[in-house]
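**Q** Build the 3D model from these lines:
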Amino acid sequence: MPPSFADLFPEIFPLIVAHIPLHITPATVRSLSLTNRHVSAATLPLVWGCLVIEDERQFNNFVKKISSDLKFGHGVRELHIMLRSLSQNRFVDGSFNAVKILEESIISGALPSMHTIGLRAILSGYADECPDFWRNVKKYCPRFRRLILLDIYGTEEAMSFWTRHPTLETVAIFTREKYSRWFVDPFPQAFLPNLRHFKAHFREVRVLAQILPQLRSLAVCDSINAQVPYLLHCFLEYQKRQYRGYEAQDGTFHDGREGSIKRQGQASKRDFLKEYVHSIVRGAPNIEELCFISLPSLTDLIVMSSDFSGLKNLKRMYIEVAATYEDEVRENILANASLVLAQQSGLASLESVTNFNPEFPFPVAKIQ
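**A** Reported below is the predicted structural model:
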């Protein structure tokens, strides 16, 4: 019998919900809660765990609900207030102020389990104007750890926000705007001194290159060519660090095996496994996990076995190879290929190779 949601432990569902895009989270969780009794019991408490409020009417209904139903308020984990204009936050006569009302609800103890607040940038500005807002959030919401901002207009506004919040430890920036900028170089001294975890587009990571050595984790989105390896090579003491994840797109420039920079006339003719892997080895030699997406075949991986020899700490490799055989045959092929890879590369640290093809469960080859 194929696996189903009914086979999952209840503790898994909050993790699944956490990875659903915000704009469809409420509807998706409601749909999950109607699947069957097992899934319903695990997901019903999550239905009001993530709330998205888009107008004043919804906001007022929310405030009334948490003031009259303690169980409902205690179940709220994420609250995203997406009022779309200045007038929706504060009218001329001051009759409605979403930030102030939210602060009063927090002080009353109505949202003790909330760990995430999502605000449009204009509301964040009002929150910063309230002298005790963030102090009260920290006091009455002890699990609070994440602030999500939408609609930052211009680098100046973004830099103003970073300056007002120097104690941030985790920053993740998601944007579809090709030319948007969240940081300006040069930036002030002692800029974000507590930052430890950073995820952003390569252009943002490049601007913050000077403070990258203080990070514990770094995730770079939408890099091309050998941007990330070169960044690590040039700006970080990479020999003393271990980076656990890496994703890149094909491009024109790459490292030659001897360390020189090579250029291919047409990016489409490049062989990723024959060229780009040298950039990874030189730029991030201490990675523990490496993933190859849309690998043509296991043969292509084995051909480059010796080129992985510089990754002395590599423990887990993830590949995506189309499943063209029956399960048992496919698993045997993966196991044999993984053993050959480990032997020819000399990687004593390699523990497993996982093929995350569309067929579930994913086959995993354990290397003894």
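
**Q** For stretch 145-162, the averaged confidence score.
**A** For stretch 145-162, the mean pLDDT works out to 76.

**Q** tell me which residues in the lengthiest helix in the chain are buried?
**A** As assigned by DSSP state H, the longest helix anywhere in the chain is helix 327-345. If you call a residue buried by 16 or more other Cβ atoms under 10 Å, then helix 327-345 has these buried ones: 330, 333-335, 337-338, 341-342, 345. (C-beta placed from N, C-alpha, C; glycine too.)

**Q** do stretch 38-46 as well
**A** Residues 39, 42-46 are the ones in stretch 38-46 that count as buried (16+ other Cβ under 10 Å).

**Q** who's in contact with it?
**A** Applying Cβ atoms under 8 Å, 6 or more residues apart in numbering, the external contacts of stretch 38-46 come out as 5-6, 8, 10, 13-14, 17, 29, 32-35, 75.

**Q** ok, now with 6 Å
**A** Residues from elsewhere that reach stretch 38-46 (Cβ atoms under 6 Å, 6 or more residues apart in numbering): 5-6, 10, 13, 17, 29, 32-33, 75.

**Q** Buried subset of those residues, written for PyMOL?
**A** Selection of buried members from the contacts of stretch 38-46 for PyMOL, criterion 16+ other Cβ under 10 Å:
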select buried, resi 13+17+29+32+33+75
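
**Q** how about the buried residues of stretch 38-46 in JSON lines, adding distance to residue 53?
**A** Converted to JSON lines, the buried residues of stretch 38-46 look like this (distance: Cβ to Cβ, whole Å):
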{"residue": "39", "distance to residue 53": "26"}
{"residue": "42", "distance to residue 53": "25"}
{"residue": "43", "distance to residue 53": "21"}
{"residue": "44", "distance to residue 53": "20"}
{"residue": "45", "distance to residue 53": "19"}
{"residue": "46", "distance to residue 53": "17"}
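
**Q** Same list (these) but as JSON lines, adding secondary structure and distance to residue 220.
**A** Below are these laid out as JSON lines (DSSP: H, G, I helix; E, B strand; the rest coil; distance: Cβ to Cβ, whole Å):
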{"residue": "39", "secondary structure": "helix", "distance to residue 220": "36"}
{"residue": "42", "secondary structure": "helix", "distance to residue 220": "34"}
{"residue": "43", "secondary structure": "helix", "distance to residue 220": "33"}
{"residue": "44", "secondary structure": "helix", "distance to residue 220": "38"}
{"residue": "45", "secondary structure": "helix", "distance to residue 220": "35"}
{"residue": "46", "secondary structure": "helix", "distance to residue 220": "31"}
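
**Q** quick one: which of those is nearest to residue 216?
**A** Distance to residue 216 across those (Cβ to Cβ) is lowest for residue 46, with 29.0 Å.

**Q** so how far is residue 58 from residue 164?
**A** According to Cβ to Cβ, to the nearest Å, residue 164 stands 28 Å off from residue 58.

**Q** more crowded one of these two?
**A** Each of residue 164 and residue 58 has its neighbours counted (other Cβ atoms under 10 Å); residue 58 has more, 15 against 12.

**Q** Name the helix or strand for that one, please.
**A** For residue 58, the host element (DSSP states H and E) is helix 56-68.

**Q** Count residues in the vicinity of residue 191, would you?
**A** The tally of other residues near residue 191 (other Cβ under 10 Å) stands at 16.

**Q** Apologies, that question was intended for residue 299.
**A** 10.

**Q** The one 4 residues further on now?
**A** The burial count assigned to residue 303 is 14, neighbours taken as other Cβ under 10 Å.

**Q** returning to that earlier point: Serialize the buried residues of stretch 38-46 to TSV and add fields for pLDDT.
**A** Converted to TSV, those look like this (pLDDT from 0 to 100):
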residue	pLDDT
39	84
42	84
43	86
44	85
45	83
46	86
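
**Q** Tell me which two of those residues sit farthest apart.
**A** Top of the distance list for the buried residues of stretch 38-46 (Cβ to Cβ): 39 and 45, 12.1 Å.
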